[in-house]
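Q: predicted model and sequence below, questions to follow.
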Amino acid sequence: MSYAKYRNKPTHYDGHRFDSKRELKRYQELQLLVRAGEIANLELQPSWSFSVDGVPVVIRSQGFPNGRKLTYRADFSYTDKNGTPVIEDAKGFKTPEYKIKKALMEACHGIVVKEV
């Protein structure tokens, strides 16, 4: 059995790969909510890139000397029954990188990430 960096166990279900059992469990809960009509437009792993004053935020490294766009990939997005968009991340451990990207989501996109 192989575990990822933070002891999460990647899992496959319904043709999708989930980084952890927690994420899979949440997906199954969200599927039930879709069937019950409580949420709609469920999307897995939506992503956003960041820009400041119209300039893309890029990460430069030895492998990417011209840079690559800094992106945030959430676990899920959906619309609740009031029509409000919701972005969710199933987190067991919050890395410093995640905390920065979560803050950038709010600052650059006005999106508050819901942690479950």
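A: Looks like it came in fine.

Q: who touches Lys114 in this structure?
A: 86-89 (C-beta atoms under 8 Å, 6 or more residues apart in numbering). For the C-beta atoms, the positions are set from N, CA and C on the backbone; glycine is no exception.

Q: hmm, try it at 10 Å
A: For Lys114, the contact set (C-beta atoms under 10 Å, 6 or more residues apart in numbering) comprises 74, 76, 86-89.

Q: show me those residues that map onto helices.
A: Among the contacts of Lys114, no residue falls in helices (DSSP state H).

Q: how about Phe76: what's its closest non-neighbour residue?
A: Glu88 (4.5 Å; C-beta to C-beta, 6 or more residues apart in numbering).

Q: just Lys91 next, same as before
A: Closest to Lys91 by C-beta to C-beta, 6+ apart is Glu115, at 5.0 Å.

Q: quick one: the one you found and Tyr27, what's the gap?
A: 15 Å (C-beta to C-beta, to the nearest Å).

Q: and Pro56, how far from Ala107?
A: Distance from Pro56 to Ala107, by C-beta to C-beta: 15 Å.

Q: circling back: which residues does the residue nearest to Phe76 bridge with?
A: With DSSP bridges as the criterion, Glu88 is bridged to Phe76, Lys114.

Q: give me the most central residue, this protein.
A: For the chain, Ala74 is the residue whose C-alpha lies nearest the centre (C-alpha atoms, centre = their mean; 0.8 Å).

Q: leaving out sequence neighbours, find the closest residue to it.
A: Distances taken as C-beta to C-beta, 6+ apart place Ile87 nearest to Ala74, at 4.9 Å, with adjacent residues excluded.

Q: just list the residues touching Val112, thanks.
A: Contacts of Val112 (C-beta under 10 Å, 6+ apart): 86-87, 102, 105-106.

Q: residues of stretch 79-88 that come out buried?
A: 86-88 (16 or more other C-beta atoms under 10 Å).

Q: let me see the mean pLDDT of that stretch.
A: Averaged across stretch 79-88, pLDDT comes to 96.
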